[in-house]
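Undergrad: I would like the atomic coordinates for the input below:
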Amino acid sequence: MSPYVFPVQTAFFIFVLIAMFLLVPWLIYGYRKDGFFSWSRFGVSFSFIFYLLAAYCLVILPFPTTRNTCAQQAADTVYYNLVPFTFVKDIMKETPIIWSQPSSYMEMIQGRAFLQVLFNVMLLMPLGVYIRYFWQKRSYWKQALLSGFGLSLFFEITQITGFYGFYDCPYRLFDVDDLLLNTSGTVLGFFAAPILLALFPSRASIQAKSEQILEQNKVYPVPQLLALIIDGVVVVFLSNLMSIFNWSNTNVIVSTLNTVIAMLFVFFFIPSLRDGKTPGSALMRFRYVNRETGEPSSASLFKRLLALYAPWILVTVAQFITDYAFLNENAMLEPYKVWISVGIFGLHMLILLVLFVHVMLVLFSRGKRSFYCDDVSKTRASRK
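TA: As a prediction, the model looks like this:
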């Protein structure tokens, strides 16, 4: 099993890196599509990514130690096998079966040639299972067959070209038997899939829960937090965009005014004109409405803006004080500069800690708590 450990470990390392970048987009997609976080959909989708990486790494790894692979091979090396079912001859040649002796069956099963065939069949069996999950219907077996053949052909081309020409000569064999066995494994996985998929919630049940959440008008804290993050990114983008036109005057006051204007647009003007939807909430498919009337309210939206504005302006003013103290050469301030710096840093940490604890409490309250900006402004998230 040692030849297979390194490729799988490599695939896992790459998968972790990819998952770090895909997690937030996946959360946005999942909450936008279903209205809740589906562990089964998450597990199936991310395990599919890991499976494809693992299968690819098993085919290409380990790499040769030198690009000049031709020097390590005989001059008459054959890099391909175009005769189908050669694996049958290989099995019989390596471990001949004596039909009257059942013990020879076990020797055949334990032989290298048979295990290689088994590996090639099992390599793409999971692909058939995933295709059955994604498309559900049994009539899609042809798509499974074509997908298995296409992926297997991609693997074989990768091998025959010496990793797309990086190596001087191929370091693995192009084998038509691999195409047959990989494709057969995909189709077998497709038809055997219902046995495994019975352990997971069906896509129909996920859709039913999504419709129930929409009917109950539920918006969980995570999509609300994602919407806030998206709105924050838009504020930073607009602020930086405005600073481009003020490049000749990039002092702190101008930068602060740019941010204030951007916040006004994102958290007040845009939702006032778009039925309570900020850029983030529109992406997450909900809007902000007054708790009493159930409709967007300009007064409530403005109060929400002020609630979001308060921590930011507090930190900004504190930063102004720090900058003034250190830029001012007044001798009376010299003994207090260190304490001012420590105090401002402590204030930053305190604000961040309070906000972090607040966010954690809201996220783990299962919808029983609201974010402070919504409590202050008497607003709530609504999908209707």
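
Undergrad: So which bits of stretch 6-18 are buried?
TA: Buried residues in stretch 6-18, counted by 16 or more other CB atoms under 10 Å: P7, V8, T10, A11, I14, F15. For every residue, glycine as well, the C-beta is placed using N, CA and C.

Undergrad: Out of those residues, which sit inside helices?
TA: Among the buried residues of stretch 6-18, the members found in helices (DSSP state H) are P7, V8, T10, A11, I14, F15.

Undergrad: will you turn these into JSON lines that also has distance to V121?
TA: Shown next, in JSON lines, are these (distance: CB to CB, whole Å):
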{"residue": "P7", "distance to V121": "18"}
{"residue": "V8", "distance to V121": "18"}
{"residue": "T10", "distance to V121": "23"}
{"residue": "A11", "distance to V121": "20"}
{"residue": "I14", "distance to V121": "25"}
{"residue": "F15", "distance to V121": "24"}
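
Undergrad: which one of those residues is nearest C70?
TA: Distance to C70 across those (CB to CB) is lowest for P7, with 23.9 Å.

Undergrad: Out of the buried residues of stretch 6-18, which is nearest to L127?
TA: Nearest to L127 among the buried residues of stretch 6-18, with distances taken as CB to CB, is A11, at 14.9 Å.

Undergrad: Tell me who's in contact with that closest one.
TA: The contact partners of A11, by CB atoms under 8 Å, 6 or more residues apart in numbering, come to F50, L53, A54, Y56, C57, L58.

Undergrad: try 6 Å this time
TA: A11 makes contact with L53, A54, C57, according to CB atoms under 6 Å, 6 or more residues apart in numbering.

Undergrad: The last one - how many residues pack around it?
TA: What it means is C57. The number of residues packed near C57 is 21, by other CB atoms under 10 Å.

Undergrad: element containing it?
TA: Using DSSP states H and E, the element containing C57 is helix 39-60.

Undergrad: quick check: mean pLDDT across that helix?
TA: The pLDDT scores in helix 39-60 average 92.

Undergrad: Identify the residues contacting that helix?
TA: Contacts of helix 39-60 (CB under 6 Å, 6+ apart): P7, V8, T10, A11, I14, F15, L123, P126, Y130, F155, F200, P201.

Undergrad: try it again with 8 Å
TA: With contact meaning CB under 8 Å, 6+ apart, helix 39-60 is reached by 4, 7-8, 10-12, 14-15, 18-19, 22, 26, 30, 34, 123-124, 126-127, 130, 133, 151, 155, 158-159, 163, 172, 200-201, 206.

Undergrad: now this structure, which segments are flagged as low pLDDT?
TA: Applying pLDDT under 70 to the chain flags residues 1-2, 99-100, 103-104, 246-251, 323-338.

Undergrad: can you give me the strands in it?
TA: Remark: strands assigned in the chain by DSSP state E are 80-81, 174-175, 287-290, 379-382.

Undergrad: what's the distance between the last one and the middle of its chain?
TA: Yep, that's strand 379-382 we're talking about. 27 Å (CA atoms, centre = their mean, to the nearest Å).

Undergrad: Same question for the third one.
TA: Taking the mean of its C-alpha atoms, strand 287-290 sits 29 Å from the chain's own mean (CA atoms, centre = their mean).

Undergrad: Pull that strand out as PDB, backbone CA atoms only.
TA: Provided in PDB are the C-alpha atoms of strand 287-290 (Å, rounded to 0.1, in the frame of the first residue of the first chain):
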ATOM      1  CA  ARG A 287     -33.800  41.900   2.600                       C
ATOM      2  CA  TYR A 288     -34.000  44.100   5.800                       C
ATOM      3  CA  VAL A 289     -37.500  45.000   7.000                       C
ATOM      4  CA  ASN A 290     -39.000  46.800  10.000                       C
END
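
Undergrad: what's it packed up against?
TA: helix 298-327, strand 379-382 (3 or more CB pairs under 8 Å, 6 or more residues apart in numbering; DSSP states H and E).

Undergrad: of all those, which lies closest to L363?
TA: strand 379-382 (14.1 Å).

Undergrad: what lines up beside the closest one in the sheet?
TA: Applying DSSP bridges to the sheet, strand 379-382 is found paired with strand 287-290 (antiparallel).

Undergrad: Can you give me the end-to-end span of stretch 276-295?
TA: End-to-end span of stretch 276-295 (CA to CA, to the nearest Å): 8 Å.

Undergrad: So what touches it?
TA: Against stretch 276-295 from outside (CB under 8 Å, 6+ apart): 28, 31-32, 35, 219, 223-224, 226-231, 234, 266-267, 270-271, 274-275, 296-297, 300-301, 304, 374, 378-383.

Undergrad: Just the buried residues of those.
TA: Listed as buried from these are 28, 31, 35, 219, 223-224, 226-228, 230-231, 234, 266-267, 270-271, 296-297, 300-301, 304, 374, 378-383; burial here means 16+ other CB under 10 Å.

Undergrad: can I assume P126 is in contact with L188?
TA: No: counting by CB atoms under 8 Å, P126 does not reach L188; the two are 10.8 Å apart.
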